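Chemist: mind looking at a prediction? Sequence and model below.
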Amino acid sequence: MAMITRKIFYYIISIVFFLSIGSVALLMSLPWYVSLSLLIISLIVGTLILIRPEFGAYFLLIYVPVFSHFIGIRLNVNGNTINKGLPFFIVILVIGLISICIRKASKLHEDSTTKNPLSIPLIILIAYGMLTLLWAPSLGYNLIVFSLLTANVLMFYFFTAVVENEKLHRQFMWCWVFSGIIIAILTVLSISYNPQIAIYKPILNIGSYKAIFFFDYPSWKAWRLDQYRGHAIGHPNSTSLSLNLAICVTVGLLLVEKVKFKKTFLTVTLLLMTFADFLTMSRAGIGSFLIMGYVIIFFSSALRKKFFIYSIIFAICFGLMFVGSVIYSKKAVAPRLLKTAEKEDIVSLENRFVAWQKGLSVMEKKSLLISGLGVGNFDYYTKYPHSHNLYLSFFFDFGLVGIIFLIITLLIFIKLVKDIFKVIYIQRTYFHTMSLVFFAGMLAIGIHSLVDFYYNKDSIWLFLALFISTLKLTKDELGTATNGVKS
């Protein structure tokens, strides 16, 4: 009876919440038919996610790797549009988090016995990020960047809370595979069909503030005529990262799959993603892909029995994919992968050093070497889109606290991986294998992040959440097996 009462309460809260959301939509400065459509969609989709937060997770796993922050809302303040926006996925994320909170409050599901190891470091990071708003040069801009960081941390918590068992984990992995397929297809098509689409439409006016819906599909052929690089919706380097993460998940499913049709489908998908990865011509991305591949071959108990043979096959496939990508992209000059970046290129290592030196000089000038420039302020002061180094981005914006956060996180990762690898050197279960491929994926992120990205890269947060969830479920599985043996 108590369970039925909790479920009724669950449904009532869901309906009331989304009736409120729909009412707000009706008050917006939109045509009545648009507001009515928003009301109906919000009621249907929102109620489904509140009842089953897994539906929100399915959506995020497709949306975030593919569309990232290229669809959302930007703010215009006194005629000036802030160049960073709030991505659309935040709406789905908030609904899913409310569902998780209601689920935990009503005790409809049992929590994992393993606690989240990154809780304290992340709470400290968010708290200090909020504190840095005190010396924000542009409060509106800094609030947007801080909101993005908060959304990424909440997405991390959402996925570590919603992934509860092997069935759900497998379903989420398949969602990631399908997002990888979408990215790969868009990347292949971008070589011959590469439009520049930018849609900006005001949707709400409140005094001097204006909310603007945006959809931005950038064209990367405009860089240089000899650098026709494949991409999905985003930068070629970001596309390469997304493909690498989808590739490692696909390999994991391929290693554990027993059904012949699914194995064939995953094999074809793997080849498509790898081919698309080479079309991005991302030196760091493809280099980290190569390392990731050999790590999986070496540590996989199913593959290392024939390590020499599989290594040769992997090298041959690597070469064929490279040649195929050059032929398909119809390059008349030396491929980008075979050239070193010139000093004047914005992607060169020398240019990155210039950006880092500029950020450091600003910190010295403003006496912020210890406290950091503040959330989002490296790009604000230097006019670079980001620091092109994930680790330095924590230092530039968070100072000493950022360095401490990185050290603590690294130590936690080392302990987690060390504890798990003591047991899964020979992979016997689904989670053993997935822990291995996620470790390889995190290694690829770590290598690529030496020359690219920054702390607000949402696909990295998503992958990190699933990595931690996989390790937690592996540890729970090991604990259950140990208890079974003792009893």
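Modeler: That came through fine.

Chemist: how about the helices of the stretch 51-200 of the chain, start to end?
Modeler: Applying DSSP state H, counting those that start in this stretch to the stretch 51-200 of the chain gives helices spanning 53-67, 89-106, 119-131, 139-162, 166-190.

Chemist: go through these and find the least confident stretch.
Modeler: Taking each of these in turn, the lowest mean pLDDT turns up on helix 89-106, with a mean of 83.

Chemist: what angle do it and helix 139-162 make?
Modeler: Inter-element angle recorded for helix 89-106 and helix 139-162: 50 degrees (by axes from the mean of the first three to the mean of the last three CA atoms, to 10 degrees).

Chemist: got the buried residues for helix 89-106?
Modeler: Counting neighbours by 16 or more other CB atoms under 10 Å, one finds that the buried residues in helix 89-106 are 89-100, 102-103, 106. Using the backbone N, CA and C atoms, a C-beta is placed for each residue, glycine as well.

Chemist: closest to residue 271 among those residues?
Modeler: Proximity of these to residue 271 was ranked by CB to CB; the top entry is residue 89 with 29.1 Å.

Chemist: how many neighbours does residue 313 have?
Modeler: Applying other CB atoms under 10 Å, we find 12 other residues in the vicinity of residue 313.

Chemist: spatially nearest residue to residue 99, not counting backbone neighbours?
Modeler: If the residues on either side of it in the chain are set aside, residue 99 comes closest to residue 53, at 4.0 Å by CB to CB, 6 or more residues apart in numbering.

Chemist: ok, so of the buried residues of helix 89-106, who is nearest residue 373?
Modeler: Minimum distance to residue 373 across the buried residues of helix 89-106 is 24.4 Å, recorded for residue 90 (CB to CB).

Chemist: how much space separates that closest one from residue 147?
Modeler: For residue 90, the distance to residue 147 under the criterion CB to CB, to the nearest Å works out to 8 Å.

Chemist: ok, now residue 236?
Modeler: In this structure, residue 236 lies at 27 Å from residue 147, with CB to CB as the measure.

Chemist: more neighbours: which of those two?
Modeler: Taking other CB under 10 Å, residue 236 and residue 147 do not tie; residue 236 has more neighbours (23 against 15).

Chemist: surely that one touches residue 228?
Modeler: No: using CB atoms under 8 Å, residue 236 is not in contact with residue 228, being 10.0 Å away.

Chemist: could you point out the longest helix of this protein?
Modeler: Of all segments of type helix in the chain, defined using DSSP state H, the longest is helix 390-421.

Chemist: packing partners for it?
Modeler: Applying 3 or more CB pairs under 8 Å, 6 or more residues apart in numbering; DSSP states H and E, one finds that helix 390-421 makes contact with helix 119-131, helix 349-365, helix 377-382, helix 430-448, helix 458-486.

Chemist: now it: mean pLDDT?
Modeler: 90.

Chemist: buried residues, it. List them.
Modeler: Under the neighbour-count criterion of 16+ other CB under 10 Å, helix 390-421 has 390-399, 401-402, 404-406, 408-409, 413, 416-417, 420 buried.

Chemist: tell me the contacts of the spatially closest residue to residue 385 that is not a sequence neighbour?
Modeler: On the basis of CB to CB, 6+ apart, the spatially nearest residue to residue 385 that is not a chain neighbour turns out to be residue 379, at 6.0 Å. Shown here is residue 379, whose contacts under the criterion CB atoms under 8 Å, 6 or more residues apart in numbering are 385-387.

Chemist: distance of residue 379 from residue 365?
Modeler: Computed as CB to CB, the residue 379 to residue 365 distance reads 17 Å.

Chemist: pretty sure residue 178 contacts residue 63?
Modeler: No: contact between residue 178 and residue 63 fails when scored by CB under 8 Å: they sit 11.5 Å apart.

Chemist: tell me how far the ends of stretch 356-374 are from each other?
Modeler: Distances were taken as CA to CA, to the nearest Å; on that basis the terminal residues of stretch 356-374 are 15 Å apart.

Chemist: got the buried residues for it?
Modeler: Result for stretch 356-374 [16+ other CB under 10 Å]: buried residues 356, 359, 362-363, 368, 371-374.

Chemist: what's in contact with that stretch?
Modeler: With CB under 8 Å, 6+ apart as the test, stretch 356-374 has contacts from 132-133, 135-137, 142, 378, 380-382, 384, 387, 389, 392, 395-402.

Chemist: how many residues are close by residue 133?
Modeler: By the criterion of other CB under 10 Å, residue 133 has 15 neighbours.

Chemist: can you give me the distance of it to residue 146?
Modeler: Between residue 133 and residue 146 the computed distance is 6 Å (CB to CB).

Chemist: tell me who's in contact with the nearest residue to residue 255 once chain neighbours are set aside.
Modeler: Using CB to CB, 6+ apart and skipping the chain neighbours, the partner closest in space to residue 255 is residue 433 (5.1 Å). By CB under 8 Å, 6+ apart, the residues touching residue 433 are 252, 255-256, 300, 427.

Chemist: any regions of this structure where pLDDT drops low?
Modeler: Residues of the chain meeting the criterion pLDDT under 70: 1-39, 41-42, 107-114, 207, 219-227, 331-349, 423, 479-487.

Chemist: how long is stretch 199-217 from one end to the other?
Modeler: Rule used - CA to CA; the end-to-end distance of stretch 199-217 is 9 Å.

Chemist: and the residue nearest to residue 450 when sequence neighbours are not counted, what does it touch?
Modeler: In space, not counting the residues next to it along the chain, residue 450 is nearest to residue 389; the distance is 6.4 Å by CB to CB, 6+ apart. Counting by CB under 8 Å, 6+ apart, residue 389 makes contact with 352, 356, 449-454.

Chemist: ok, the nearest residue to residue 122 once chain neighbours are set aside to residue 444 distance?
Modeler: The shortest distance from residue 122 to any residue other than its chain neighbours is 5.3 Å, reached at residue 153 (CB to CB, 6+ apart). The gap separating residue 153 from residue 444 is 22 Å, by CB to CB.

Chemist: more neighbours: which of these two?
Modeler: residue 444 (27 against 19).

Chemist: so what's residue 456 up against?
Modeler: Residues counted as contacts of residue 456 (CB under 8 Å, 6+ apart) are 145, 148-149, 152, 386.

Chemist: and the gap between it and residue 390?
Modeler: In this structure, residue 456 and residue 390 are separated by 10 Å, where distance is defined by CB to CB.
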